[in-house]
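Q: sequence isn't available, so here's the structure alone:
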C-alpha cells in the first residue's frame, strides 16, 4: 500500500505559534525559536509547518492540516507528481505527526509500567511497557515529562504515595501521543494518578497475604516462642546499607563484651531478582551458622536503611515471604521505614521501623536478663545470709544450752566426786590388800617349785656332761685313725695316677697351675695337661656359673 501525503510547506517569515507556557518545551524540541521582542514562539523559515499543526494560527494551519490519503493507486495510476518519485521520510513523518496531533488534541489516561526513568536538565524521560501475567512484553513506548510539568506533578505524586518515580512501578498517566521526524513516537505526560499506584502496590500485597493465609503459613513465624535471651544472631543487609552503621555500632559493642555474637550476610534488596537473591542469601547464612555453631541462632535479622515505597515494593514477593514464614527461628525486621509496611514486616515475629530500633530491642532484652540474673543473685545472697544468721543464732542458743548443761553437770560432779572418791579409795584398799596376800602366797609356791626344778636340772646337766665327754673322746680317736689312713693314700697317689683316673691339670701362660675359673678367665692362654699329653687354648666366653656346692652340715653330736 502506498501512502500519499500533502506536499511539505516550508514556513514563511514571522510564522508565529499559539502556545501555552506548558507547551514551550515541546515546540522548542520540534525546532521552534523564541522571539524575545514579541515574546512568542515562531517557526524559522524553511522548517516544516506540519510539525507545529497543533499550535499554528487558523490561517496558516489550513494547508498544513489536510487529511492523509491512504488510498492505494489503481493499475497504471501514477504516483503523486514530483520531480522525483515518492516522498521523503521527513514528509512521511510530518504527515504522521499531523494525523496523530489531530487525533489526540487532548491527553488520554493510560495504564503503564515504568521500565526506566532518567532525569536530564529537569526533564523526566521514561521507557514504558505493558506486560502480561507471565512477564512477556506486549507494548513499549517512550515518554517524557517536560521540566515545567515535572516540577508540578512529580513532587505531588511522590508526596501522595511515598513512591519515587522509577523502574518497577505501575502508573496511571494522562499522556498525549506525538510523532517527531527524528525521534519517532513518544508520549508527553502531564498528569499522574497516585491512587492507582498505591492501589496496585496494595493489591499485590493483598494477593500474597491471602495466599499465605489460605496455606496456613501467614502467622507461622509469629507462633514461634520468642527468644528468652540473645546470644547469637544472623543479620542480612544490603551492601553498604545506610542504617547498618548505627546497627553495627551497638552490635560490635555487645560482641566485644562477649554478650552476643553476630554473623552478617549481604544481598540486593531492590531491582529485578532482588527477592530471590535475598532469599538465597538468608538461607545460606543460616546454614553456615548451623555448620559452624552446631545449632540454630536465636533469631534472623533483616535490616536496611530507609527507602521509597517502590524500593521496598521489591520485597513484597511470595517466595521470600513464605521463606520467612517457614523459617525455624524468629525473624526480626528493621527495613527502615515508618510510613509503609512490607509483607516481610507482616510475617516476621517482630517488626521495627529502623535498624537502630532492632539492635536497641536486642540490647534491652540482654540488659533485662542481666538485671534479672543480678536480682536473683542478690536475692540468693540475701537468702544465704539469712540462713547463715539463723544458723548462727541457733548455734549460739545451743552453745548457751550446752554451757548451762555443762555447769549443771559440773556442779553435780563436784558433789558426787568426793563421795565416789572415798568409795573408790576404800574399795581399792581392800583390793590391794587381797592382791598383796595373793602375791605372797603365789610367791612362796613359785619359789618351792623353782628350787625343785633347779635341782633336777643340775643333776641332768651333770649326767649329760659325763656322757658327752666319753662320746667325744671316742669320736676323736676314730677321726685320728681315718686321717692317718687318708694321708697314707694321698701320699701314695701322685699327679700321674690322678691324671690316669681322668683328671686334668690347667696352667696359665706362665706355667703356674690354675685352681679356679676366675684365674682361668684372666689368663691369655691355657695349657691343659692330660695323662697322655697336653693341649693349649684361649679362654672362651664365661658360661653361666654353676651353683656352688653346699658344704656338708656338721655332724650333730648327741
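A: That came in fine, so what should we check first? Remember, it's a predicted structure, so these values are computed and weren't measured experimentally.

Q: what's the weakest-modelled helix or strand in this structure?
A: Lowest mean confidence among the helices and strands of the chain (mean pLDDT, DSSP states H and E): helix 58-64, at a mean of 47.

Q: which residues of this protein fall in helices?
A: Applying DSSP state H to the chain gives helices spanning 24-30, 58-64, 89-103, 147-161, 194-214, 244-256, 274-293, 309-313, 318-325, 343-347, 355-493, 495-500, 517-522.

Q: any idea which of those gets closest to residue 184?
A: Closest to residue 184 of the helices of the chain, according to Cβ to Cβ: helix 89-103, at 8.0 Å. No exception for glycine: its C-beta is placed from N, CA and C like everyone else's.

Q: give me the helices and strands touching the closest one, please.
A: strand 170-180 (3 or more Cβ pairs under 8 Å, 6 or more residues apart in numbering; DSSP states H and E).

Q: hmm, who's touching the strand it packs on?
A: Strand 170-180 has contacts (Cβ atoms under 8 Å, 6 or more residues apart in numbering) with 26, 29-30, 51, 93, 96-97, 100-101, 104, 106-114, 143, 185-193, 196-197, 200.

Q: run the last query once more with 6 Å
A: Strand 170-180 is contacted by residues 96-97, 100, 104, 107, 109-113, 185-193, 196-197, 200 when judged by Cβ atoms under 6 Å, 6 or more residues apart in numbering.

Q: likewise for stretch 141-160?
A: Outside stretch 141-160, the residues touching it (Cβ under 6 Å, 6+ apart) are 25, 122-126, 128, 165, 186-187, 189-192, 194.

Q: mind listing what's buried along that stretch?
A: Residues of stretch 141-160 classed as buried by neighbour count (16 or more other Cβ atoms under 10 Å): 141, 143-150, 153-154, 157-158.

Q: save those as JSON lines, and put in distance to residue 347 and pLDDT too.
A: Shown next, in JSON lines, are the buried residues of stretch 141-160 (distance: Cβ to Cβ, whole Å; pLDDT from 0 to 100):
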{"residue": "141", "distance to residue 347": "37", "pLDDT": "90"}
{"residue": "143", "distance to residue 347": "36", "pLDDT": "91"}
{"residue": "144", "distance to residue 347": "40", "pLDDT": "90"}
{"residue": "145", "distance to residue 347": "37", "pLDDT": "92"}
{"residue": "146", "distance to residue 347": "43", "pLDDT": "90"}
{"residue": "147", "distance to residue 347": "42", "pLDDT": "89"}
{"residue": "148", "distance to residue 347": "44", "pLDDT": "88"}
{"residue": "149", "distance to residue 347": "40", "pLDDT": "89"}
{"residue": "150", "distance to residue 347": "37", "pLDDT": "89"}
{"residue": "153", "distance to residue 347": "35", "pLDDT": "88"}
{"residue": "154", "distance to residue 347": "33", "pLDDT": "89"}
{"residue": "157", "distance to residue 347": "29", "pLDDT": "84"}
{"residue": "158", "distance to residue 347": "28", "pLDDT": "80"}
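
Q: and the helices of the chain as CSV, adding distance to residue 536?
A: Formatted as CSV, the helices of the chain follow (distance: least, Cβ to Cβ, whole Å):
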stretch, distance to residue 536
helix 24-30, 138
helix 58-64, 153
helix 89-103, 138
helix 147-161, 129
helix 194-214, 115
helix 244-256, 94
helix 274-293, 87
helix 309-313, 117
helix 318-325, 105
helix 343-347, 112
helix 355-493, 26
helix 495-500, 17
helix 517-522, 13
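
Q: residue 332: which of the ones you listed is closest?
A: Once those are compared by Cβ to Cβ, helix 355-493 is nearest, at 5.5 Å.

Q: how distant is that closest one from the center of its chain?
A: Centre-to-centre, helix 355-493 and its host chain are 67 Å apart (Cα atoms, centre = their mean, to the nearest Å).

Q: which ones are touching residue 221?
A: Neighbours of residue 221 in contact, by Cβ under 6 Å, 6+ apart: 324-325, 327, 331, 347, 349.

Q: which two among these are spaced furthest apart?
A: Between any two of these, the greatest separation by Cβ to Cβ is 10.4 Å, found for 325 and 349.

Q: thinking again about what came up before, among the contacts of residue 221, who's most crowded?
A: Among these, the one with the most neighbours (other Cβ atoms under 10 Å) is residue 347, at 27 neighbours.

Q: quick one: it from residue 230, how far?
A: 21 Å (Cβ to Cβ, to the nearest Å).

Q: got it, and residue 260?
A: 5 Å.

Q: these two: which has the busier surroundings?
A: residue 230 (23 against 20).

Q: pLDDT score assigned to that one?
A: Residue 230 is assigned a pLDDT of 92 by the prediction.

Q: ok, it - contacts?
A: Residues near residue 230 by Cβ under 6 Å, 6+ apart: 260, 298, 362, 365-366.

Q: where does the stretch 101-250 of the chain dip in pLDDT?
A: Within the stretch 101-250 of the chain, the ranges that satisfy pLDDT under 70 run 198, 242.

Q: try 90
A: In the predicted model, the stretch 101-250 of the chain carries pLDDT under 90 at residues 101-108, 110-122, 129-140, 147-150, 152-173, 175-186, 191-207, 209, 238-249.

Q: then the stretch 351-500 of the chain?
A: Residue ranges of the stretch 351-500 of the chain with pLDDT under 90: 353-356, 369-500.

Q: how far away is the residue sitting nearest the centre point of the chain from residue 252?
A: Centroid check for the chain by Cα atoms, centre = their mean gives residue 289 as the closest residue, at 3.6 Å. Distance, residue 289 to residue 252, using Cβ to Cβ: 18 Å.

Q: hang on, the earlier thing: distance to residue 88 for the contacts of residue 230 - can I get that in TSV?
A: Formatted as TSV, the contacts of residue 230 follow (distance: Cβ to Cβ, whole Å):
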residue	distance to residue 88
260	75
298	74
362	72
365	77
366	78
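
Q: closest to residue 508 among the residues you listed?
A: residue 260 (94.6 Å).

Q: the closest one contacts residue 254, correct?
A: Yes. Between residue 260 and residue 254 a contact is recorded at 4.6 Å, counting by Cβ atoms under 6 Å.

Q: for residue 186, give me its contacts.
A: So, once contact is read as Cβ under 6 Å, 6+ apart, residue 186 ends up touching 142, 178.

Q: now it, which residues is it bridged with?
A: Under DSSP bridges, the beta-bridge partners of residue 186 are residue 142, residue 178.

Q: begin at 15, not 1, for the rest of this chat.
A: All set: I'll call the first residue 15, so the last point we hit is now residue 200.

Q: before we move on, back to that, quick one, which of the contacts of stretch 155-174 are buried?
A: So, by 16+ other Cβ under 10 Å, the buried ones in the contacts of stretch 155-174 are 39, 137-138, 140, 142, 179, 200-201, 203-206, 208.

Q: any idea which of those residues is closest to residue 511?
A: Using Cβ to Cβ, those come closest to residue 511 at residue 179, 144.2 Å.

Q: where's the closest one relative to residue 135, distance?
A: Distance, residue 179 to residue 135, by Cβ to Cβ: 16 Å.

Q: now residue 538
A: From residue 538 to residue 135 the distance is 124 Å (Cβ to Cβ).

Q: so between the two, which is more surrounded?
A: Between residue 538 and residue 135, residue 538 has the larger neighbour count (other Cβ under 10 Å), namely 9 against 6.

Q: Provide the backbone phi and psi angles at the residue nearest to that one when sequence neighbours are not counted.
A: Of all residues not flanking residue 538 in the chain, residue 523 sits nearest, at 5.5 Å (Cβ to Cβ, 6 or more residues apart in numbering). Per-residue torsions, residue 523: phi -70, psi -20 (degrees, to the nearest 10).

Q: domains in this structure, by residue range?
A: 15-86+102-117, 118-206, 218-380, 509-551 (automatic domain parsing).

Q: contact partners of stretch 112-119?
A: 64, 67-68, 82, 190-191, 193.

Q: out of the residues you listed, who's the most crowded?
A: Most surrounded of those: other Cβ under 10 Å gives residue 64, at 27 neighbours.
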